[in-house]
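A.B. asks: Have a look at this prediction, sequence included:
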Amino acid sequence: MSESDQSIAIINARVLTLTDGTSPRRGKQMSNLGAINNASILITGRHIQQVGTDLQVPSHARTIDANGRVVMPAFVDCHTHACWAGDRLDEWELKQRGATYLEILKSGGGIMSTVNAVRNASTVELVESLNDRLNWMLSEGTTACEVKSGYGLSTKDELKMLDAIHIASSSWEGRVLPTACIGHAKDASVADFVKQTIQETLPAVHEKYPSVTIDAYTEDGAWSVDETIALFEAAKNLGHPLRIHADQFNSLGMLESAIELGALSVDHLEATPTESLVRLAQSKTMGVMLPCSGFHVDSRYGDARTFINHNGALAIATNVNPGSAPCVSMPMSIAIAVRNLGITAAEAICASTINGAHLLGFEDLGSITKGNQADLVMLRHSDERQLGYSFGGNHTEMVICNGQIIR
């Protein structure tokens, strides 16, 4: 039997199809999971062939009885910094002993410690560490993700990171979208770092990765609004899509500029005032909130309730990175979001599946419908609300990626 003829039938499942509504889901639509009880799914090759309650299972299919457990689209982690070298465990211990962020930064720690580790690492070492994290993510039900560069802060090292992301993604069962986060921070040892990034790094990235999304971090001590706009205008003129980190600690006005520039998303939003959240909700730009950062750093969270109530398209992600969010688990991100962003488990599921898939351009993921790629998870639960209620441990009983049972 050829690979295209191999079939898997999942029977007796509570299937969350996420097929009712627009892509991305907005506002009240985010509460509709398109659930079907006592349903079955037929997978043939890499794709979903049938979904429903009257499915005829072929005699040659491998049949899996869900026994009433939830089967849903696999998670899409749409904001990660999963490619890095080294760790910050020593800094974490210093923080527990009372050291401040600025004290750690002045002693050579913080993001620059990761930058130095990445610069000293080979491409092979970056690939190996990224593959380890991707496989960990896969075991928890994430089959698609975005991975940013941004710890190189030089043309050579940003390209090295993008190369590592490309190589790692080619050998992983899931799907990875790279992002060139060349405006992540500033190297204080470079006299005019912003100019170098715009005039040297951006053209080099464009030459090798002409369609990659360009990202930046606008914050006090990082890129200013004017500097970010200059980078984004240059990138947009070259045809690159845009994403932005904004309003993590301070609302500086970058959100409004991002909307005007047609950015795909504004990410973080912990410090966004209500009027700006409403403006974002009513625009075509998606909002991405990162609850693991608030949990790990300072208990600051975005106001997702207001955003959704004003018809916003929300995605949530882990933001996995060595400094502010050392967490690869989308179920943990959902549990934190339900407790602190003011959203329900259903809204969090939409935000971590179909909306993340839409943001990354993976339109054949995020819902269970005929013709879509078969990326699914079977939960240990018969009620999907357990994703928001329970935390810790692995929620997945089974992961199917690209039509193949992974675990």
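C.D. replies: On my side now, so go ahead. Numbering: from 1, shown residues only.

A.B. asks: give the contact list for the residue nearest in space to the middle of the chain.
C.D. replies: The centroid of the chain falls nearest to Cys78 when counting by C-alpha atoms, centre = their mean (2.0 Å). Shown in contact with Cys78 (C-beta atoms under 8 Å, 6 or more residues apart in numbering): Cys145, Glu146, Ser265, Val288, Ala315, Ala317, Asn355, Gly356, Ala357, Leu359, Leu360. C-beta: built from backbone N, CA, C; applies to glycine.

A.B. asks: roughly how far apart are the last one and Ile182?
C.D. replies: I take that to be Leu360. 19 Å (C-beta to C-beta, to the nearest Å).

A.B. asks: more neighbours, those two?
C.D. replies: When neighbours are counted by other C-beta atoms under 10 Å, Ile182 comes out ahead of the other of Leu360 and Ile182, with 28 against 25.

A.B. asks: State the helix or strand in which the more buried one lies.
C.D. replies: Counting by DSSP states H and E, the element that carries Ile182 is strand 175-183.

A.B. asks: quick one: average confidence on the next helix or strand after that strand?
C.D. replies: Following strand 175-183 in sequence order, the next helix or strand is helix 193-196 (DSSP H and E). Averaged across helix 193-196, pLDDT comes to 98.

A.B. asks: secondary structure element for Lys160?
C.D. replies: Under the assignment here (DSSP H and E), Lys160 is part of helix 155-171.

A.B. asks: so what secondary structure elements neighbour that helix?
C.D. replies: helix 111-120, helix 123-139, strand 142-148, strand 175-183, helix 202-208 (3 or more C-beta pairs under 8 Å, 6 or more residues apart in numbering; DSSP states H and E).

A.B. asks: List the contacts of that helix.
C.D. replies: In contact with helix 155-171 (C-beta under 8 Å, 6+ apart) are residues 83, 115, 118-119, 123, 126-127, 130-131, 134, 147, 149-152, 175-176, 178, 180, 182, 196, 200-201, 204-205, 208-209, 212.

A.B. asks: out of those residues, which are buried?
C.D. replies: Neighbour-count burial (16 or more other C-beta atoms under 10 Å) applied to the contacts of helix 155-171 gives 83, 115, 118, 126-127, 130-131, 134, 147, 149-152, 175-176, 178, 180, 182, 196, 201, 205, 209, 212.

A.B. asks: ok, the closest residue to Leu94 other than its chain neighbours to Gly221 distance?
C.D. replies: In space, and not counting its chain neighbours, Leu94 is closest to Ile104: 6.1 Å by C-beta to C-beta, 6 or more residues apart in numbering. Separation of Ile104 from Gly221 (C-beta to C-beta) stands at 13 Å.

A.B. asks: of those two, who's got more company?
C.D. replies: Comparing Ile104 with Gly221 by other C-beta under 10 Å, the one with more neighbours is Ile104, at 19 against 14.

A.B. asks: outside of stretch 337-350, which residues touch it?
C.D. replies: Contacts for stretch 337-350 (C-beta under 8 Å, 6+ apart): 16, 18, 25, 29-33, 72, 289, 291, 294-295, 301-306, 308, 314, 316, 334, 351, 384-389.

A.B. asks: PyMOL command for the buried members of these?
C.D. replies: Here is the PyMOL selection string for the buried members of these, based on 16+ other C-beta under 10 Å:
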select buried, resi 16+18+25+29+30+31+32+33+72+289+291+294+295+301+302+303+304+308+314+316+334+351+384+386+387+388
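
A.B. asks: In strands only, show me the contacts of stretch 337-350.
C.D. replies: The strands, defined by DSSP state E, take in Leu16, Met72, Met289, Leu314, Ile316 from these.

A.B. asks: Any chance of JSON lines for the residues you listed, columns pLDDT and distance to Ala66?
C.D. replies: Listed next are these as JSON lines, based on pLDDT from 0 to 100; distance: C-beta to C-beta, whole Å:
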{"residue": "Leu16", "pLDDT": "98", "distance to Ala66": "12"}
{"residue": "Met72", "pLDDT": "98", "distance to Ala66": "11"}
{"residue": "Met289", "pLDDT": "99", "distance to Ala66": "31"}
{"residue": "Leu314", "pLDDT": "98", "distance to Ala66": "28"}
{"residue": "Ile316", "pLDDT": "98", "distance to Ala66": "26"}
